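Student: kindly generate the corresponding structure for this input.
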Amino acid sequence: MTLDVVARRAGVSLATASRALNGTTRVREDLRRRVRAAADLLGYIPNAHAQALASASNNTVGLICHDVGDPYFAAIAGGVMRAAAEQDLLVMLASTFREPAREIAYVSTLRAQRARAILLIGSGFQDRAWERALAAELEPYLRAGGRVAVVSRHRTLRVDAVLPENRAGAAALAQALLALGHREFAVLSGPPELTTVTDRLAGFREGLAQGGITLGPDRVVHGAFTREGGYAAARELLARSTGPTCVFAVTDVMAVGALAAFREAGVQVPQDISLAGFDDIPLVRELTPPLTTVALPLTAMGQEVIALALREPRGPRSRVLRVGGEVVLRASTAPPATPLTGRTS
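Tutor: This is a model prediction of the structure:
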């Protein structure tokens, strides 16, 4: 039995039925009696979750990310926790390890825990079944008064969002690398079903196209969105017959793995090959050589996403905060050397 059935039976709006049963706002006595009579007749039991949300009595915020062990997510989560502590809120943190089904399960758990807000940190999946399942979990939570905000692109969710400018940042990086003189490129890319991957790869292609350079399919190597994935993708790239003078890893963590693979193979960065990443996690400034990347204000993004979730809504439209990235040229990139030939050891 749902509240909208009770509202129809009583001949009132859903909002009036909700107010009559949860007592958060005064309702005319005749309407209150009519709603309660309909609820009794139909055997409706008020939803404790909705009442807790309506009274704002819950001080828990759920944060779901792909992998808190990844410095990108750790930095954003740190921003969320810092802002939450200032408001005496408790953050429940969960890692999905990029398993869509696990993300759905965690959202369901946070609903059951009556979390005040749910934050989804990380790329959406280009998967219609996942999109429908996630929406099915979030829509009743939102109707009950829960708040949802995301970091990165989730195509079908109409919720507040902090959106890093992945496409524009990757395009700007490509143009900066072209300005160094590079014309032979390769990309170490993550799983193609992640929206962050598709946006960064598309942006890099666009930036190269502005310089008259086409990135062929043989120059894109897909791997896991991890250090190990970057290492394996770099090894595969080195095994091919011809190589680029410059490699773009779509995330810094993959670039760290690629740097290890290049070093093992006796390939010097940047003397033999230039290497760039994306995100500017703190680690990459300490590498030898320090990594060229697109810097995002990760901690600030965490603070912004929780602020959006806790801010009072302004009508039915979701709010979007776009965050630009800044190209930071460091010692891992230099003017090109002779293109590599296949090397595996």
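Student: need the next SSE after the lowest-mean-pLDDT helix or strand in the chain, C-terminal direction.
Tutor: Least confident helix or strand, the chain: helix 48-54 with a mean of 51, by mean pLDDT, DSSP states H and E. Sequence-wise, the next helix or strand downstream of helix 48-54 (DSSP states H and E) is strand 60-65.
Student: and the helix or strand just after that next one, what does it pack against?
Tutor: Next helix or strand after strand 60-65 toward the C-terminus (DSSP H and E): helix 71-86. On a contact count with 3 or more C-beta pairs under 8 Å, 6 or more residues apart in numbering; DSSP states H and E, helix 71-86 meets strand 60-65, strand 90-95, strand 117-121, helix 252-264, helix 298-310. Placement of C-beta: from N, CA and C, glycine included.
Student: okay but Leu134 is in contact with Val159, surely?
Tutor: No. Under the criterion of C-beta atoms under 8 Å, Leu134 makes no contact with Val159, lying 10.5 Å away.
Student: neighbour-wise, which of those two wins?
Tutor: Using other C-beta atoms under 10 Å, the more surrounded residue of Leu134 and Val159 is Leu134, with 22 against 18.
Student: could you confirm the more buried one falls within a helix?
Tutor: Yes. Under DSSP: H, G, I helix; E, B strand; the rest coil, Leu134 sits within a helix.
Student: nearest residue to it other than its sequence neighbours?
Tutor: Ile104 (5.9 Å; C-beta to C-beta, 6 or more residues apart in numbering).
Student: element containing the one you found, please.
Tutor: helix 100-112.
Student: taking helix 252-264 as reference, get the angle to the host helix or strand of Ala234.
Tutor: Using DSSP H and E, Ala234 falls within helix 227-239. Calculated by axes from the mean of the first three to the mean of the last three C-alpha atoms, to 10 degrees, helix 227-239 forms an angle of 50 degrees with helix 252-264.
Student: I'd like the next helix or strand past helix 227-239.
Tutor: Later in the chain than helix 227-239, the nearest helix or strand by DSSP H and E is strand 246-249.
Student: sheet-wise, list the partners of that following strand with their directions.
Tutor: When sheet partners are counted by DSSP bridges, strand 246-249 sits next to strand 185-189 (parallel), strand 274-276 (parallel).
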